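> Give me coordinates for this.
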Amino acid sequence: MTVSPRLAPPTLRSMAPSVFLPAMVFEIGNGAVIPVVAITAIDLGASTGTAGFLVALLGIGQLVGDLPAAALAARLGDRRAMVLAGVVSMAGMLGCFFAPSLAILGVCLFVLGMCSATFYLARQAYLTEVAPLNLRARALSMLGGSHRVGLFIGPFVGAAVIGLTSLRAAYVVAVVTAGIAALLLVVIPDIEPAGSGRVKAAAPVGAAQGLLATAKAHRRVLMTLGTAVLAIGATRAARQTVLPLWAVHIGLTPEATSVVFGIASAVDMALFYPAGKVMDRHGRLAIAVPSMLVLGGAIAVLPLTSGIVGLTVVAMVMSFGNGIGSGIVMTLGADVAPPDNRLRFLSMWRLMGDTGNAAGPVVVSVVAGFATLAAGIVAVGGVGLLAVGALLVWAPRYSPFATRAMVRAHRAVADAAS
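All right, here's what the predicted structure looks like:
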């Protein structure tokens with residue numbers, strides 16, 4: 001056990017090798033695999049419905065893994081937890097590559113979801129600790145952007161490898177990227193908080209509250225601002241569902257739908273850094289409210305489109321709304337997380353967001369089942385608008401950086417103290 005010297009404030013550039021690069025590399029593998037999971041399942045004899053369920057196991061594993069991930073990271077430390085997640089991901093991807101049956105494929109996909117939960121939670125908790133307050137939103141937006149860039153690159157890498165070999169070679173790509181991400185975490189040292197002089201230990205102090213005690217102590221923020229996070233997650237996840245469904249409804253070919261997705265993804269990726277900069281300077285609501293207004297509104301008007309041009313325009317507007325909101329959920333979580341129990345609180349925060357991610361497509365499905373697809377799409381667009389109301393009411397109560405005035409007040413106090 002040693003005491004680290006006082007250090008210069010971390011910058012986004014200094015965070016890149018140990019934070020953003022491993023996250024992007026890890027996500028490239030996931031991006032390579034996601035498009036082929038359903039096809040792999042069908043090749044093993046699954047029906048369309050069963051294949052859809054197996055794809056959902058990735059998200060279910062992440063949802064189930066949110067809370068255990070906190071306990072693992074608290075015991076091992078965030079870096080070791082991420083390295084372990086990378087190694088287990090390699091094993092899971094190899095399992096998918098060799099899977100002789102749907103049962104084995106399903107187990108491997110579930111484990112991969114849990115590994116993703118561990119990797120994301122540990123990196124978010126670490127970045128929350130080391131990023132200076134005036135860079136927090138930009139840092140977390142960059143982390144979210146790293147995930148998006150990886151997911152964008154992954155399918156192209158996977159497609160190239162599949163074209164040269166076979167379908168299951170996409171899993172080999174993911175094995176390699178998970179291994180590289182784990183190696184980067186081992187080789188590249190983490191940075192310390194500015195001027196911390198803190199004691200470096202192998203893992204966080206074990207005196208933090210348990211999960212139930214944490215939930216009880218912070219139930220108000222979880223049940224109020226947490227509902228806004230749930231609604232944000234539902235709206236974002238539904239965006240990925242309603243676009244292909246409506247494209248099929250209006251008769252677009254799979255190739256045309258893929259082009260629409262590619263254009264929309266490019267818009268989404270281009271906006272994560274400006275979004276963080278605005279949040280740091282003008283408060284969280286300056287981005288969170290426009291993001292949900294634009295995304296929810298664009299989803300709601302999607303049923304008015306009837307061709308590829310209209311669909312592409314609306315998809316780009318949806319991606320603009322989603323892109324400017326990059327990192328908002330993680331940033332709000334960092335703002336309200338208790339410093340002495342950050343990991344367990346953030347695991348619950350992620351659970352709220354992941355629950356929303358799981359619920360969004362369900363809202364579309366249920367409403368469409370009782371009414372029409374257009375009604376289901378409009379309903380989930382309304383969820384995004386409900387998120388706006390919840391953010392306006394609850395964010396100023398719990399986040400000290402919710403509004404521009406609050407950011408200025410904090411800056412004035414910091415300047416006076418220095």
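> For the residue nearest to Met269 when sequence neighbours are not counted, which residues are in contact?
Distances taken as Cβ to Cβ, 6 or more residues apart in numbering place Arg148 nearest to Met269, at 5.3 Å, with adjacent residues excluded. Just so you know, the C-beta spots here come from the backbone N, C-alpha and C atoms, and that holds for glycine as well. Arg148 makes contacts with Glu27, Ser265, Asp268, Met269, Phe272, Ser326, as judged by Cβ atoms under 8 Å, 6 or more residues apart in numbering.
> go again using 10 Å as the cut-off
By Cβ atoms under 10 Å, 6 or more residues apart in numbering, the contact set of Arg148 is Met24, Glu27, Gly31, Ser265, Asp268, Met269, Ala270, Leu271, Phe272, Asn322, Gly323, Ser326.
> average pLDDT for the host helix or strand of it?
Arg148 belongs to helix 136-164 when assigned by DSSP states H and E. For helix 136-164, the mean per-residue pLDDT is 90.
> buried sites along the helix or strand that it is followed by?
Counting by DSSP H and E, the next helix or strand C-terminal to helix 136-164 is helix 169-187. Neighbour counts over helix 169-187 (16 or more other Cβ atoms under 10 Å) mark 169-182, 184-185 as buried.
> before we move on, what about stretch 380-395?
Buried, per 16+ other Cβ under 10 Å, within stretch 380-395: 380-388, 390-391, 394-395.
> So which of the residues you listed belong to helices?
Among these, the residues falling in helices (DSSP state H) are 380-388, 390-391, 394-395.
> And for Val64, the neighbour number?
Around Val64 there are 17 other residues, counting by other Cβ atoms under 10 Å.
> ok, now Pro339?
So Pro339, with other Cβ under 10 Å, has 8 neighbours.
> That one and Thr128 touch, don't they?
Yes: checked against Cβ atoms under 10 Å, the pair Pro339 and Thr128 is within contact range at 9.2 Å.
> Which one of the contacts of Arg148 sits in the busiest neighbourhood?
Ser326 (29 neighbours).
> The spatially most central residue of the chain: what's it in contact with?
With distances taken as Cα atoms, centre = their mean, Gly144 lies nearest the centre of the chain, 6.2 Å away. By Cβ under 10 Å, 6+ apart, Gly144 lies in contact with 23, 120, 124, 272, 275-276, 323, 325-331.
> Which ones among these lie within helices?
Using DSSP H, these in helices are Ala23, Tyr120, Gln124, Phe272, Ala275, Gly276, Gly323, Ile328, Val329, Met330, Thr331.
> With respect to Leu252, which of the residues you listed is nearest?
Within the ones in helices among the contacts of Gly144, the smallest distance to Leu252 is 22.7 Å, found for Gly323 (Cβ to Cβ).
> Report the angle between the helix holding Arg148 and helix 169-187.
140 degrees (axes from the mean of the first three to the mean of the last three Cα atoms, to 10 degrees).
> buried ones in helix 136-164?
Using 16+ other Cβ under 10 Å as the test for burial, helix 136-164 gives 136-155, 157-158, 161-162.
> Output the ones in helices among the buried residues of stretch 380-395 in JSON lines, with distance to Met292 and pLDDT appended to each entry.
Listed next are those as JSON lines, based on distance: Cβ to Cβ, whole Å; pLDDT from 0 to 100:
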{"residue": "Val380", "distance to Met292": "12", "pLDDT": "93"}
{"residue": "Gly381", "distance to Met292": "10", "pLDDT": "95"}
{"residue": "Gly382", "distance to Met292": "11", "pLDDT": "95"}
{"residue": "Val383", "distance to Met292": "9", "pLDDT": "96"}
{"residue": "Gly384", "distance to Met292": "5", "pLDDT": "95"}
{"residue": "Leu385", "distance to Met292": "7", "pLDDT": "93"}
{"residue": "Leu386", "distance to Met292": "9", "pLDDT": "95"}
{"residue": "Ala387", "distance to Met292": "5", "pLDDT": "96"}
{"residue": "Val388", "distance to Met292": "5", "pLDDT": "96"}
{"residue": "Ala390", "distance to Met292": "9", "pLDDT": "96"}
{"residue": "Leu391", "distance to Met292": "7", "pLDDT": "97"}
{"residue": "Trp394", "distance to Met292": "13", "pLDDT": "96"}
{"residue": "Ala395", "distance to Met292": "12", "pLDDT": "96"}
